[in-house]
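[1] with the input below, show me the fold.
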Amino acid sequence: QPHTDEARLQGLLDGRIPTANAGADPQWEVYRELILAVCRSYHQLLPNLFEGLDDASELLLPDDLLSDGSIAGGFRSQISDDDCEDVEILGWLYQFYIAEKKDEVMARKKAVPTEDIPAVTQLFTPHWIVRYLVENSLGRLWLLNRPESKLREQMPYYIEGETETDFLRITKPEDIKLLDPACGSGHMLTYAFDLLSHIYTEEGYAAAEIPGLILQHNLYGLDICPRAAQLAGLALVLKAREQSRRFFQPGQLVQPQIIELQDVRFEESELNDYIEALDLGELFDPNLFKLLHQFEEAKNFGSLIQPCLDERAIADVRRAIEAKNLNGQLFLRETHRKVLRVLEQAEALTQRYHVVVANPPYMGRGSFSGMLRVFAKDNYDNAGPDLYGMFLVRSATLARDGGVLALVTMNGWMFLGRFEKCRQWLLNSVSLTRLLHLGARAFDSLSGEVVQAAATHFVQRKPTKELTTTFVDARKGANEAEKEQSILNTAAPRYTRKLSLFLQVPGAPLAHWLSDNALFLFAELPALSTVGTPRCGMITGSNAMFVRTWHEVSHDKAGFGVASRDAAKTSGRKWFPYLKGGGFRKWVGNEESVVNWKNDGFELRTRTDSKGHVPAHAFNDDYIFKPSVNWNKIMGDDFGVRLNRGGFMFDDGSAAIFPNLDDLNWCAGYLNSIVSSHLLHGLNPTVNIQAWDIGNLPVEFDQDVVIALGIEGSANKIGVGVVRYTRL
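    Here you go, the predicted model:
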């Protein structure tokens, strides 16, 4: 009512007052006015979530909001009442709203500029995965402190684990601080709100007080996207209003603690003038100056920023500055606002939380801007080649001792070689307690095998040798619904393993599907790389230019049977046998190609692209033309190797190992066995088999020894697989 003229609206409906546009439907005009009035009222109530309207922005609202073809009509026809029962619909709407922008940015295949990072990295988390993460972090922490609690009955995705006696103590619900450092539209936070409501209710709090207490004490969210931060705040406000009809009344409303991380920059003399005018000289030491400049790229680095001052120091500075009187200092108000903004953001990033839960952004280093690339190298060199690895490491520093981390990420950090430093740091710094291996097709909004996920729980505690981890393997589910059901009906295999077993495997891959016997082999036997050198193959930069099949070239120009690099160079020949990938073949085959290596590959080595770069690399000068055992880098369901008796170069699609022994047969025999294939899938369960994966395989060199190895399958169990190393 304060934001509209009721008498005028009644006059429009009665026909006593003409519409603004002659002949227009008066109901359209009245409805439009009511929408604007609602927007004004919400801006007054929630200024951080609803922007103020002025005469210009009001013009953007269409006149027609009631016909079937209008925006409101689209909402009525495309979105059901049932859809609107849950606030998570806001997140879905936003994800699809920015989907076109995301596709456009990704199609560029260039570094992603700061302003486009939100569009590229937004991914809505399925509700059941959110519940799994929150129930096994926040829910478990509460159950440890209240073993008699009935909360377990509200948590269908909860996984029973080992009995714990050393856990973070909580005396009352208000003590709990939960952070989502990349909160998006707030899906994690809204379900945490539901669970906290049960906790408060069980503790005997008045229903009308609970929403305000949760928003005041428990939930924190950070994001670089202003729209996402607004939606997260709105979702929490709607949750609160859903539980308490009085929440919007004066004195009842509590603003959500959602912070949009903003860039804050100061002019060269700006801070000096500010310090002098407010007599802050003693307060501003070099560390504070450094802190004030740490948020110049907040939109780029987000929650990955690690403030150089601790929480107490920041709080002391903030209190001292807030106490200053700015009366008469009109020109300092903006600087004052910016200083307080930095301190607010820094305080949120230095607090230590009981629970950190997130679906962090996924973006490989190839898409990093130059500034983000430098920041990652300087601050997260141990985090692997993706933003999500950096968030895994950062989340561990945001949790207090005994706090719980719960993140759903790509599963590559579990076993890929390029994540080895990240994996080793995590497994040696925090305690991995639960891991739900989702694999491909866990997100119905993403098709194909590209996004393979894992939901992981850590406790912020130095792991011990006796630490056990509960693994749940839901990879066999064909889609999101099947994976969810496998958790609810406990069909997904569950088992508990000592984490120390994985640390004895080269690279420490979390190959939870390998038996203890298989894992022990890595500790007890030498690696294949001790008697052979694995090598990735050559990349020509243009196969169309430099590679042919053998029958396409003149026999007189082909150098078959060349024994060495020098012999190839002096032969004067142009085309030499070249091992590429090709289809699956064991023992022999896939020898159809030749490569232009005339004059020791002069043309291939010196050709530049449009940017002046030489695209060809990995020439393997010391290994070309030597006998080897080769395999396809891209592996299907089966793995097999082929013997190369010499005279070949080899491509990136056909990596090779060069045994130091004279006889290749034993090496090929081992690599073509069921045991090596089984162990290899433990080292790297992806389709891309790297040279170091082969080099890390354990091997027994005594040809008279028989090794018994327990191989476990999810459906049929093969008790013992036996391999005898004999010469072919």
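[2] flag the shaky bits of the stretch 601-728 of the chain, pLDDT-wise.
    Where the stretch 601-728 of the chain drops to pLDDT under 70, the residues are 636, 661-662, 701-728.
[3] show me where it has helices.
    665-671, 674-683, 691-695 (DSSP state H, counting those that start in this stretch).
[4] go on, the stretch 101-250 of the chain?
    Using DSSP H, counting those that start in this stretch, helices in the stretch 101-250 of the chain cover 117-121, 127-134, 140-145, 187-202, 210-217, 226-243.
[5] out of those, nearest to Phe415?
    helix 127-134 (20.6 Å; C-beta to C-beta). C-beta coordinates here come from the backbone N, C-alpha and C atoms, glycine included.
[6] what sits up against the closest one?
    Applying C-beta atoms under 8 Å, 6 or more residues apart in numbering, the contact partners of helix 127-134 are 88, 155-157, 187-188, 191-192, 195, 357, 359, 406-408, 436, 438, 442, 453, 455, 457, 480, 484, 487.
[7] switch the cut-off to 7 Å
    88, 157, 187-188, 191-192, 195, 357, 406, 408, 436, 455, 484, 487 (C-beta atoms under 7 Å, 6 or more residues apart in numbering).
[8] before we move on, what about stretch 61-76?
    Under the criterion C-beta under 7 Å, 6+ apart, residues 21, 24, 27-28, 31-32, 35-36 lie in contact with stretch 61-76.
[9] which element follows whichever helix or strand Val374 is part of toward the C-terminus?
    Here Val374, judged by DSSP states H and E, is contained in helix 370-379. Sequence-wise, the next helix or strand downstream of helix 370-379 (DSSP H and E) is helix 387-398.
[10] and that next one with helix 370-379, angle?
    Put simply, helix 387-398 runs at 50 degrees to helix 370-379, going by axes from the mean of the first three to the mean of the last three C-alpha atoms, to 10 degrees.
[11] buried sites along helix 387-398?
    Within helix 387-398, the residues scored as buried using 16 or more other C-beta atoms under 10 Å are 387-396, 398.
[12] tell me the most buried of the helices of the stretch 601-728 of the chain?
    Ranked by mean neighbour count under mean count of other C-beta atoms under 10 Å, the helices of the stretch 601-728 of the chain are led by helix 691-695, which reaches a mean of 22.
[13] any idea how far the helix holding Val374 is from the chain center?
    17 Å (C-alpha atoms, centre = their mean, to the nearest Å).
[14] hey, C-alpha coordinates of stretch 304-322 in CSV?
    Output in CSV follows, covering the C-alpha atoms of stretch 304-322 (Å, rounded to 0.1, in the frame of the first residue of the first chain):
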residue,chain,number,x,y,z
LEU,A,304,40.7,-18.7,-3.1
ILE,A,305,42.1,-15.4,-1.7
GLN,A,306,43.9,-16.1,1.6
PRO,A,307,44.0,-12.9,3.6
CYS,A,308,47.4,-12.0,5.1
LEU,A,309,45.9,-11.1,8.5
ASP,A,310,44.1,-13.5,10.9
GLU,A,311,40.5,-13.2,12.0
ARG,A,312,41.2,-11.5,15.3
ALA,A,313,43.4,-8.8,13.8
ILE,A,314,40.9,-8.1,11.1
ALA,A,315,38.1,-7.8,13.6
ASP,A,316,40.1,-5.4,15.7
VAL,A,317,40.9,-3.2,12.7
ARG,A,318,37.3,-3.2,11.7
ARG,A,319,36.0,-2.1,15.1
ALA,A,320,38.5,0.7,15.2
ILE,A,321,37.6,2.0,11.8
GLU,A,322,33.9,1.7,12.3
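[15] can you pull the buried residues of that stretch?
    Here stretch 304-322 shows 304-305, 307-309, 313-315, 317-318, 321 as buried, counting by 16+ other C-beta under 10 Å.
[16] and the contacts of that stretch?
    283, 287-288, 290-291, 294-295, 298, 339-340, 343, 346-347, 349-351, 379-380, 390, 394, 397.
[17] at 8 Å what do you get?
    For stretch 304-322, the external contacting residues (C-beta under 8 Å, 6+ apart) are 261, 278, 280, 283, 287-288, 290-291, 294-295, 298, 336, 339-340, 343-344, 346-347, 349-352, 375, 379-380, 390-391, 394, 397.
[18] of these, grab the buried ones for ChimeraX.
    Command for ChimeraX, covering only those of those found buried under the criterion 16+ other C-beta under 10 Å:
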select :261,278,280,288,291,294,295,298,336,339,343,346,347,349,350,352,375,379,380,390,391,394
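[19] got any ranges where the protein has weak pLDDT?
    In the chain (pLDDT under 70), the answer is 116, 118-124, 328, 444-450, 636, 661-662, 701-728.
[20] isn't Asn684 up against Arg418?
    No. Between Asn684 and Arg418 there is no contact under C-beta atoms under 8 Å: 11.1 Å.
[21] could I get the full set of strands for the stretch 501-650 of the chain?
    532-535, 547-549, 575-579, 593-596, 628-632, 641-644, 649-650 (DSSP state E, counting those that start in this stretch).
[22] would you list these in CSV and tack on mean neighbour count and distance to Gly221?
    Below are those laid out as CSV (neighbours: other C-beta atoms under 10 Å; distance: least, C-beta to C-beta, whole Å):
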stretch, mean neighbour count, distance to Gly221
strand 532-535, 20, 46
strand 547-549, 15, 52
strand 575-579, 25, 53
strand 593-596, 23, 54
strand 628-632, 26, 46
strand 641-644, 22, 51
strand 649-650, 26, 51
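[23] same list, those, but as TSV with distance to Asp83 please.
    Formatted as TSV, these follow (distance: least, C-beta to C-beta, whole Å):
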stretch	distance to Asp83
strand 532-535	53
strand 547-549	54
strand 575-579	56
strand 593-596	55
strand 628-632	47
strand 641-644	54
strand 649-650	56
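[24] so which of those strands gets nearest Ala474?
    Closest among those, using C-beta to C-beta: strand 628-632, at 28.6 Å.
[25] more neighbours, Asn684 and Arg418?
    Using other C-beta atoms under 10 Å as the criterion, Asn684 and Arg418 rank with Asn684 on top: 21 against 15.
[26] dump the residue contacts of Leu34.
    4, 9.
[27] export the strand or helix carrying it as CSV, just CAs?
    Element membership of Leu34, judged by DSSP H and E, is helix 26-45. Taking Å, rounded to 0.1, in the frame of the first residue of the first chain, the C-alpha atoms of helix 26-45 are listed here in CSV:
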residue,chain,number,x,y,z
PRO,A,26,-7.0,-1.3,-17.7
GLN,A,27,-6.3,-4.6,-16.0
TRP,A,28,-2.9,-4.8,-17.7
GLU,A,29,-2.0,-1.3,-16.4
VAL,A,30,-3.2,-2.1,-12.9
TYR,A,31,-1.3,-5.4,-12.8
ARG,A,32,1.8,-3.7,-14.0
GLU,A,33,1.5,-1.1,-11.3
LEU,A,34,1.1,-3.7,-8.6
ILE,A,35,4.2,-5.6,-9.8
LEU,A,36,6.2,-2.4,-9.6
ALA,A,37,4.8,-1.7,-6.1
VAL,A,38,5.8,-5.2,-5.0
CYS,A,39,9.4,-4.5,-6.3
ARG,A,40,9.6,-1.3,-4.4
SER,A,41,8.3,-2.9,-1.2
TYR,A,42,10.9,-5.7,-1.5
HIS,A,43,13.7,-3.3,-2.1
GLN,A,44,12.8,-1.5,1.1
LEU,A,45,12.6,-4.8,2.9
